[in-house]
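[1] whatever this is, show me its structure:
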Amino acid sequence: MYTYSALNAMDALEKLAAKNKAHQKQRRGERFLSAVMFLVLIPSILGIVVDLGFIESSSNFNLWLYGLGALGFGLLLAAMGDLMRIPRWLKICGLLVAQCWFVYFWTFQMQSWMAFLPLVPAYLVLQLRASIKEHSVEE
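    Predicted structure coming up:
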């Protein structure tokens, strides 16, 4: 036989356990977003390294233009990836591959149209997802 205070204590412990679980989930989300932002900033950091002369690139290298392009590319791709319904590890791997693609073509080959090419499939996947969602709502 439990007393009223013992039941209240058990209820309070259950509420505390639920709050702890929600807090842990929120912390995992924050760690994931921190990892994504670090991946987005990698090309900008590499641009600074190239500008300082530690890595050789084209003579037409402009850090400000490169930095704006890198942030624009990375943030757009990260935002599109956030909307995709795929596992997180696949999002991270895709972002890493796309960032490597971007760095290679933007920094070392000076082909800006090739550097931004991964945005096209990401956009098409989002459009496909939207059309699938519309068809499921209609049915």
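
[2] what lies in contact with stretch 31-38?
    For stretch 31-38, contacts defined as CB atoms under 8 Å, 6 or more residues apart in numbering pick out 78, 81, 88, 91, 92, 95. In short, each C-beta sits where N, CA and C put it, glycine included.

[3] most neighbours among the residues you listed, please name it.
    residue 95 (22 neighbours; other CB atoms under 10 Å).

[4] now the nearest residue to it once chain neighbours are set aside: which helix or strand?
    Nearest residue to residue 95, sequence neighbours excluded (CB to CB, 6 or more residues apart in numbering): residue 39, at 5.1 Å. Residue 39 is part of helix 4-52, with elements assigned from DSSP states H and E.

[5] how about the helix or strand of the chain with the lowest mean pLDDT: buried residues?
    The helix or strand with the lowest mean pLDDT-type score in the chain, counting by mean pLDDT, DSSP states H and E, is helix 63-83 (a mean of 72). Going by neighbour count (16 or more other CB atoms under 10 Å), the buried part of helix 63-83 is 66, 67, 69, 70, 73, 74, 76, 77, 78, 80, 81.

[6] packing partners for the helix or strand following that helix?
    Next helix or strand after helix 63-83 toward the C-terminus (DSSP H and E): helix 88-103. With contacts taken as 3 or more CB pairs under 8 Å, 6 or more residues apart in numbering; DSSP states H and E, helix 88-103 sits against helix 4-52, helix 63-83.

[7] next, the buried residues of the next helix or strand after helix 88-103.
    Downstream of helix 88-103, the next assigned helix or strand under DSSP H and E is helix 112-115. For helix 112-115, burial by neighbour count (16+ other CB under 10 Å) applies to residue 115.
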